[in-house]
Structures are given as structure tokens and as C-alpha cells.
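**Student:** the sequence isn't on hand, but the structure is:
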């Protein structure tokens, strides 16, 4: 089963120092000691930043360089072009790429599932969108199409009998979506935390509907993927990355370790970070749980045929 840690406690504190317990000396024998990983400014990657700052990758003999991406689609594009070795993204663009047959996508590590109130459709309190039923035919801001943003939005609209075929999707990076809603450039926007809380404070947006409900409750949202040629040629390097992420994900159960990372990497203030609803951090991949994503995409016609997730997951480290 996937090892998930639901984070609900409040509190604020400084990042803890590196702890040698549980570290593995993986420096010897790695096929590649320097790797590039594309990431986004979302809470999901907090364990990744924790692994960097606390030296967990270094403990495994890895030097990791992060590369910023504007959306999950952009992150996967960086992977396909060879710019990075591993890409963080919402699961949707990984499966879209796989379905096109032009990429041997392999999943290395899980990242997150949608926790309560961690993925929301927001709007202005005096705007035209008051509920999910008002979304038909509206302009909705998302990071990009065929990402978790429109997938979750479509699902919650369908659950409520609302036609999503007439929605006008507008692509914007997460930090810009709240302001676009405030200006009236779009009618509503899909946001994850900490941008939900940050936009409420800065732009006055209000949550309209929690997209982690109904068919998408505890829905797998994002993870780390690579290409088969890399996972096959560098299995020890992949395993070292997985061990560091597993260690950091376990430590992420302490919310005081996460809030400073939001301030640093998502550019929100400490007060906003302390109020943010966190999603469920995951590390170990579970094929049955993850199968929900391509199954939903197939229902929406985003991918043409069933995809067997079990064939895409590389060997996972022990959670013990």
C-alpha cells in the first residue's frame, strides 16, 4: 500500500537539521551522481526541498539540480526533451504522453493526494460563479489543459450534472490565477495550496467548491516520473532518489518542517503558510490507487484506451 501521511496539525517552526538516522551510504556504484529534476512552486514538492536542504540526496551520493517548470505539462515536456532526468508533475500529463505512444513513461516516486480543501475552484464573492452549477460556459483559469487542474474540475462538474464541454480554459501559472480572477479576466480559477489561502488574503477570492470530493476524494494528484531508458540504465541512481524522498516524506509529517518551505519556495508569508490546508504527502507508489487517474482520463476521452499503471511503476523502496 502507499505510504501516505495526512498533515492536519497546525504550528510553525524552523526547518530541522539533518538527522543521520535512516541514511544510506549509496555513494558507491551509482550510475549517475548528478541529476536534474523539474519541479513547480506547489506544496507537493515540499519533501523534495526538505531532502535537498537536509542533505538526504547527498547522503545517497546524489547531487540534485532543480529546474523550474510553469505547469505539469511543461515539466513533462522538459523530461521528454532530455532537459531533466526526473520530472515532478500532476499525473495527467504523464498519462497523456504515455497514451500518445511517444514516451516510455515510468513512475519513480509518488508525491501527493488531494486532501480536503487543498484543491479548490475559487471566484470573487460578488462574481457570477457562486457554485459548481455556475461554471458551465465560463472562463476558468488553470495551469494548462490535460493537467490535474482541468481533470479535477471536469470530474466535480460531471458529479454535479454540469456540462464542462463549453468551458473556456485559460492557461496561467498558479501565482497569477488569483489576480486574474480578481481583475475579471476569468470567471473562476483552479488553485492548490498555498495559493488558495494566499489569493484569499491578497485578492479576496473565495473557495467555491472543493474538487477533492465525490469521485476524486483522496485522488492521486502528482508524482515523479522518468523515462524507461533512464530507469533501466540507472537503477541504483533511481533507488537512491527514492530512498531520499521516502525519508523526507516521513519527516514531512511534522508540519513545522513544511511551513518554512512554503514561505521560501511558494512565496507566501508565514501567516498564510500557517493557515494553509495541506494535501496528503505520499512517497511509495501503489498501482491500484494510481489506476484511478488514467481510468478517469479515459472516461473523459483525454486518452483513447486503458493504460495499465502497474507496467509503469519501477521497483519501490521498502517503507520500513
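**Tutor:** It's in. The structure displayed is predicted, hence computed values, not measured ones.
**Student:** may I ask which helix or strand encompasses residue 191?
**Tutor:** According to DSSP states H and E, residue 191 maps onto strand 188-192.
**Student:** show residues contacting that strand.
**Tutor:** Around strand 188-192, the neighbours that count as contacts under CB atoms under 8 Å, 6 or more residues apart in numbering are 42-44, 118-123, 127, 129, 135, 138-143, 149-150, 152-153, 172, 174, 177-178, 180-181, 199, 205, 208, 211, 279. Bear in mind the C-beta positions are built from the backbone N, C-alpha and C, glycine included.
**Student:** you'd agree residue 200 is up against residue 194?
**Tutor:** No: contact criterion CB atoms under 8 Å: residue 200 and residue 194 do not qualify, at 10.4 Å.
**Student:** neighbour count: these two, which is higher?
**Tutor:** Neighbours per residue (other CB atoms under 10 Å) separate residue 200 from residue 194, with residue 194 holding more: 27 against 18.
**Student:** helices along this protein, start to end?
**Tutor:** For the chain, the helices defined by DSSP state H cover 46-53, 56-59, 72-81, 91-99, 148-159, 174-183, 195-203, 228-233, 235-251, 255-265, 270-275, 287-290, 292-300.
**Student:** now do the third one against helix 148-159, angle only.
**Tutor:** Yep, that's helix 72-81 we're talking about. Here the directions of helix 72-81 and helix 148-159 differ by 130 degrees (axes from the mean of the first three to the mean of the last three CA atoms, to 10 degrees).
**Student:** packing partners of helix 72-81?
**Tutor:** strand 34-39, strand 86-90, helix 91-99, strand 220-227 (3 or more CB pairs under 8 Å, 6 or more residues apart in numbering; DSSP states H and E).
**Student:** ranking these by burial, who's on top?
**Tutor:** For those, average neighbour numbers computed from mean count of other CB atoms under 10 Å are highest in strand 86-90, which has a mean of 29.
**Student:** contacting residues around that strand?
**Tutor:** The contact list for strand 86-90 (CB under 8 Å, 6+ apart) reads 35-40, 44-45, 48, 69, 72-73, 75-76, 78-79, 108, 111, 147-149, 151, 221-226, 230, 241.
**Student:** how about the helices of the chain in CSV, adding mean pLDDT and distance to residue 315?
**Tutor:** As requested, those are exported to CSV (pLDDT from 0 to 100; distance: least, CB to CB, whole Å):
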stretch, mean pLDDT, distance to residue 315
helix 46-53, 94, 19
helix 56-59, 97, 19
helix 72-81, 95, 20
helix 91-99, 95, 18
helix 148-159, 94, 25
helix 174-183, 96, 32
helix 195-203, 94, 34
helix 228-233, 97, 9
helix 235-251, 95, 8
helix 255-265, 79, 28
helix 270-275, 80, 35
helix 287-290, 94, 12
helix 292-300, 94, 20
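**Student:** among these, which is nearest residue 165?
**Tutor:** Closest to residue 165 of those is helix 148-159 (CB to CB; 9.3 Å).
**Student:** show me which residues of the closest one are buried.
**Tutor:** Under the neighbour-count criterion of 16 or more other CB atoms under 10 Å, helix 148-159 has 148-158 buried.
**Student:** contacts for it?
**Tutor:** Outside helix 148-159, the residues that touch it by CB under 8 Å, 6+ apart are 72, 90-92, 114, 119, 121, 132, 135-136, 140, 142-143, 163-164, 167, 169, 190, 209, 211-216, 219, 221-222, 293, 296-297, 300, 302.
**Student:** and the residue positioned nearest the centre of the chain, how far from residue 118?
**Tutor:** Compute the mean C-alpha point of the chain, and by CA atoms, centre = their mean the closest residue is residue 222, 3.6 Å away. Counting by CB to CB, to the nearest Å, the gap from residue 222 to residue 118 is 11 Å.
**Student:** could you do residue 149 as well?
**Tutor:** As judged by CB to CB, residue 149 and residue 118 stand 13 Å apart.
**Student:** check residue 181 too.
**Tutor:** From residue 181 to residue 118 the distance is 18 Å (CB to CB).
**Student:** pretty sure residue 203 is touching residue 180, no?
**Tutor:** No: between residue 203 and residue 180 there is no contact under CB under 8 Å: 9.1 Å.
**Student:** which non-adjacent residue is nearest residue 217?
**Tutor:** Distances taken as CB to CB, 6 or more residues apart in numbering place residue 114 nearest to residue 217, at 7.7 Å, with adjacent residues excluded.
**Student:** check contacts around that neighbour.
**Tutor:** Counting by CB under 8 Å, 6+ apart, residue 114 has contacts 152, 211-212, 216-219, 221, 279-280.
**Student:** okay if I get the residues you listed as CSV plus distance to residue 318?
**Tutor:** Shown next, in CSV, are the contacts of residue 114 (distance: CB to CB, whole Å):
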residue, distance to residue 318
152, 32
211, 33
212, 29
216, 30
217, 28
218, 24
219, 26
221, 24
279, 24
280, 20
